[in-house]
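> Sequence first, predicted model second:
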Amino acid sequence: MLDIKRIRNNPEEVENLLKRRNPELNLKNVLELDKVRREKLVEAENMKAEQNKVSKQVPLLKKEGKDVTIILQEMKDLAEKVKVLDGDIKEIDAKIEEELLSLPNTPNRDVAVGASDADNKEIRRWGEPREFDFELKPHWDLGVNLNILDFERATKITGTRFSMFKGTGARLERAITAYMLDKHTVDHGFTEIAPPFMVNKESMYGTGQLPKFEEDMFKLSQKDYYLIPTAEVPVTNIYRDEVIDEAELPIYMTAYTPCFRAEAGSAGRDTRGLIRNHQFDKVEMVMYAVPEDSYRQLEILTNFAEEILKGLELPYRVVELCTGDIGFSSAKTYDLEVWMPSYNRYVEISSCSNFEDFQARRANIKYRPADKRKLELIHTLNGSGLAVGRTFAAILENYQNEDGSITIPKQLRPYMRGMDKISL
RNA sequence: GGAGGCGUAUCGAAGUGGUCAUAACGAGCCUGACUCGAAAUCAGGUUGUCCUCACGGGCACGUGAGUUCGAAUCUCACCGCCUCCGCCA
């Protein structure tokens, strides 16, 4: 959520930044509502001040034996007026809240202006896409042939866009997850979290999934809970409505969770394999930082995600998203894209973002600066580290051999009890 | 799921219709005094939020609604925590 004070004091600046995302965005409604609200607020507060003043006098006058009947009658009338005015203000507050919740974050000033992913900027590449001297297979054929993936039965058990890992495949999936978690906790200093996989709507509002993206989520029918679309939601909300000591920042947290996405509106896209499912596993990194430090932390976060790809020796590139492509809550985002041979292009496998105080304002996460009295909002960041299903797919495709077997990346072998190859 | 109890600042906790909410009292923390230094002791400070350039004012005692001229205090609903019982991996 954007700061209403910032909007009020710098309307043009904020609006211009929003228009970099989408030229249709504007602040007209919010500004008008805010103006009316403040007028009514001043009026109501003056009346309340009067109420408080008189209420203090009443017991004194009574003590002196004076008749207060007239005063009480006047106060009753005043109370009526205050009640009406408070009702109006409450209504306006709700409207302002609604407007503010529907506005995306302002992109960082340095983010390149662009309309779509076509305008994203490649920052760097690592590794060379492998040249195949045989006809390569996509991961869904490789996995099914080796009997480590089963899409047909997953569809029977549940439905389309579900997948199932089997035997060595299930083990490899678990190995990838464990490797990532170990790397982040042991080498990168993260605290591992095993959070709830369902959250209430306050948490969904906190990170920005609600109210705008309800159709992307799975909601339970008997409780007002949602299946998490990413560990970002429960983990970022850990400190919702709390105040953190500055000495504790930055806070690094990582979590493995399954992720559930309705994938509404993506019919027909990536229908085969592990790339776009209703359920997939992901290891997520979440950071809390002081505002002055958050952009430095974004670089660190992105590097941590890159470390996983480097460790697995998977070629990738880093892309900086343009203003038209960054997510609703983000101010700046780097995507990591892994080389996917069957697609013959790089495919998104991680998204690392700085949300600045956008989520912290919604979730009310503050810290007390060591030098100052006032509480300040923290900055939140998160990044995939990485999407496990897509990593699995990338390993199958990049490490495939002519006979259809898969060489296991060196770093994963300890997690596979030394196994170096998956074959029939 | 049933019964009872409880939600007040960083923590403990008092307050049960109006000079007890500028939230008592205690602890913690910060500053100062004493000290070579520390401890102890003494003095002072220490909630958040909204409107306002400021002065100043409003709001908040789990949340919401109600009664009242006036609510932490009375009523209702909801949420959370604790104890006991039931059920359960």
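Sure, I can see it.

> Could you pull out the buried residues of stretch A:156-166?
A:Arg161, A:Phe162, A:Ser163, A:Met164, A:Phe165, A:Lys166 (16 or more other Cβ atoms under 10 Å). C-beta coordinates here come from the backbone N, C-alpha and C atoms, glycine included.

> Could you chop chain A up by domain?
Per automatic domain parsing, the domain ranges recorded for chain A read A:28-102, A:117-422.

> is the shortest one up against RNA strand B anywhere?
Yes - using Cβ under 7 Å from any atom of the strand as the criterion, contacts between domain A:28-102 and RNA strand B involve A:38, A:41-42, A:44-46, A:48-49, A:51-52, A:54-56, A:58-60, A:72, A:75-76, A:79, A:90.

> taking these one by one, which sit in helices?
A:38, A:41-42, A:44-46, A:48-49, A:51-52, A:54-56, A:58-60, A:72, A:75-76, A:79, A:90 (DSSP state H).

> Just the buried ones among the residues of domain A:28-102 next to RNA strand B, please.
Using 16+ other Cβ under 10 Å as the burial test, these include A:Leu41, A:Ala44, A:Val54, A:Met75 as buried.

> can you redo those residues as TSV with pLDDT and distance to A:Tyr205?
Formatted as TSV, these follow (pLDDT from 0 to 100; distance: Cβ to Cβ, whole Å):
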residue	pLDDT	distance to A:Tyr205
A:Leu41	87	24
A:Ala44	85	27
A:Val54	79	40
A:Met75	81	39
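
> now, which of the residues you listed sits nearest RNA strand B?
A:Met75 (3.3 Å; Cβ to the nearest atom of the strand).

> Verify the contact between that closest one and A:Ser55 for me.
Yes - counting by Cβ atoms under 8 Å, A:Ser55 is a contact partner of A:Met75 at 7.5 Å.

> Kindly report the residues of the stretch 251-400 of chain A close to RNA strand B.
Going by Cβ under 7 Å from any atom of the strand, the residues of the stretch 251-400 of chain A near RNA strand B are A:Lys366, A:Arg368, A:Arg373, A:Lys374, A:Leu375.

> Neighbour-wise, give me the winner out of the residues you listed.
Most neighbours among those, by other Cβ atoms under 10 Å: A:Lys366, with 19 neighbours.

> For whichever residue of the stretch 151-300 of chain A sits closest to RNA strand B, grab phi and psi.
Residue nearest to RNA strand B within the stretch 151-300 of chain A (Cβ to the nearest atom of the strand): A:Val243, separated by 6.5 Å. Backbone torsions of A:Val243, given as degrees, to the nearest 10, read phi -110, psi 130.

> Give me the pLDDT for the nearest residue in space to it that is not next to it in sequence.
Leaving out its chain neighbours, the residue that sits closest to A:Val243 by Cβ to Cβ, 6 or more residues apart in numbering is A:Lys366, at 5.0 Å. A:Lys366 is assigned a predicted lDDT (pLDDT) of 86.

> Go ahead and confirm A:Val319 touches A:Thr333.
No - contact criterion Cβ under 8 Å: A:Val319 and A:Thr333 do not qualify, at 9.0 Å.

> List the neighbouring strands of the helix or strand in which the residue nearest to A:Val243 is found plus their orientation.
For A:Lys366, the element it lies in under DSSP states H and E is strand A:365-368. Listed by DSSP bridges, the sheet partners of strand A:365-368 and their directions read strand A:242-245 (parallel), strand A:376-377 (antiparallel).

> So what's the gap between it and the chain middle?
19 Å (Cα atoms, centre = their mean, to the nearest Å).

> Run through who's touching that strand.
Outside strand A:365-368, the residues that touch it by Cβ atoms under 8 Å, 6 or more residues apart in numbering are A:239-246, A:248-249, A:288, A:290, A:359-360, A:375-378, A:380.

> Kindly report the same for stretch A:256-265.
By Cβ under 8 Å, 6+ apart, stretch A:256-265 touches A:161, A:177, A:180-181, A:194-195, A:197, A:215-218, A:227-231, A:234, A:276-284, A:388.
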